[in-house]
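Asks: got a sequence here, can you build the structure:
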Amino acid sequence: MKEKIVPSLAEPVGNLWKNLQSKYTKDDNFLVASPLSSTPLSIYEWIINNAEKFENWDKVRFVLMDEMLEGERPPFTYVPVNDLASYEGFAGKHLLKPLQEKTGIRIPIIKPNAGQIEDFDKEIDLLILAIGVKGNYANVMPGTAEKIGWHITHLIPEFRQAHTQQGSQSFEGANFREYGMSLGPQQVLSAKNVVVIINGEKKKDLAKELLSYDSFDPEFPLSIIYHPQIQDRVKIYLTEDAAGA
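Replies: Coordinates of the predicted model:
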């Protein structure tokens, strides 16, 4: 595994998505999961602007790898799609609805049943991950063991504050709940292709810490990419400011 330093995430990651979509849709559907935050917005814009160069949008399925949950104990339910904190709503606004307008094709969202999350079983063809404030990815919080798959997690305050603080490009003004649904380390280990995207000078220290690992430490969740089971299927893209270049 080797990191790539790029001026922008948009074109290299967008082209990788395009090539993998062409490859996998020759025989089957293409299951992709991607962050719902400010980090991939330039990638989504590039994909939308170049949608006509992609093949077989009708075979693409967007896997919702994390979401906010209502409630303080089971049974949990998902927040409404029109809630400011909804990841599904974010996906629709910034990627899926603009793609439908461009292509005329509605891309289905696949997600676990909120009451039976542990039974959800989808192998992801392209899993894109961004790094969070405590080394988290998706809603995978520090201390999540390797054996964990799809699960309900208690979101740490630092994570909730980072997403909703004033000036956030993602969920400013949203009411982030205390619990969320998420994939887990097992879904990373089973994914066919994993891409880590890191951008912005604010992520420079987190990028440096991630790159210092050579094995999985549950206290820094994204270090799962150094697990021997997956590391040969991982690509890391950092913008120049995140890499300190």
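
Asks: check which helices and strands the longest helix along the chain sits against.
Replies: In the chain, assigned by DSSP state H, the helix with the most residues is helix 10-24. When contacts are defined as 3 or more CB pairs under 8 Å, 6 or more residues apart in numbering; DSSP states H and E, helix 10-24 packs onto strand 30-33, helix 41-49, strand 126-130, strand 194-198, strand 234-239. Where you see a C-beta, it was placed from the backbone N, CA and C, and this is true even at glycine.

Asks: now these in a markdown table, with mean neighbour count?
Replies: Below are the helices and strands packed on helix 10-24 laid out as a markdown table (neighbours: other CB atoms under 10 Å):
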| stretch | mean neighbour count |
| --- | --- |
| strand 30-33 | 22 |
| helix 41-49 | 20 |
| strand 126-130 | 25 |
| strand 194-198 | 24 |
| strand 234-239 | 22 |
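
Asks: would you reformat these as CSV and include mean pLDDT and distance to residue 213?
Replies: Formatted as CSV, the helices and strands packed on helix 10-24 follow (pLDDT from 0 to 100; distance: least, CB to CB, whole Å):
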stretch, mean pLDDT, distance to residue 213
strand 30-33, 98, 22
helix 41-49, 98, 24
strand 126-130, 98, 14
strand 194-198, 98, 12
strand 234-239, 98, 12
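
Asks: can you say which of the ones you listed is nearest to residue 65?
Replies: Closest to residue 65 of the helices and strands packed on helix 10-24 is strand 30-33 (CB to CB; 4.2 Å).

Asks: and the end-to-end length of stretch 18-34?
Replies: One end of stretch 18-34 sits 14 Å from the other (CA to CA, to the nearest Å).

Asks: what does it rub up against?
Replies: With contacts defined as CB atoms under 8 Å, 6 or more residues apart in numbering, stretch 18-34 is touched by 17, 40, 43, 47, 50, 53-56, 59-65, 95, 110, 122-128, 183, 193.

Asks: just give me the residue right at the centre of the protein.
Replies: With distances taken as CA atoms, centre = their mean, the residue of the chain nearest its centroid is residue 35 (2.7 Å).

Asks: quick check: that residue vs residue 86, distance?
Replies: In this view, residue 35 and residue 86 are 14 Å apart by CB to CB, to the nearest Å.

Asks: so how far is residue 199 from residue 209?
Replies: According to CB to CB, residue 209 stands 16 Å off from residue 199.

Asks: now the helices for the protein?
Replies: According to DSSP H, the helices that the chain contains are 10-24, 41-49, 87-91, 97-103, 157-164, 185-190, 204-211, 240-243.
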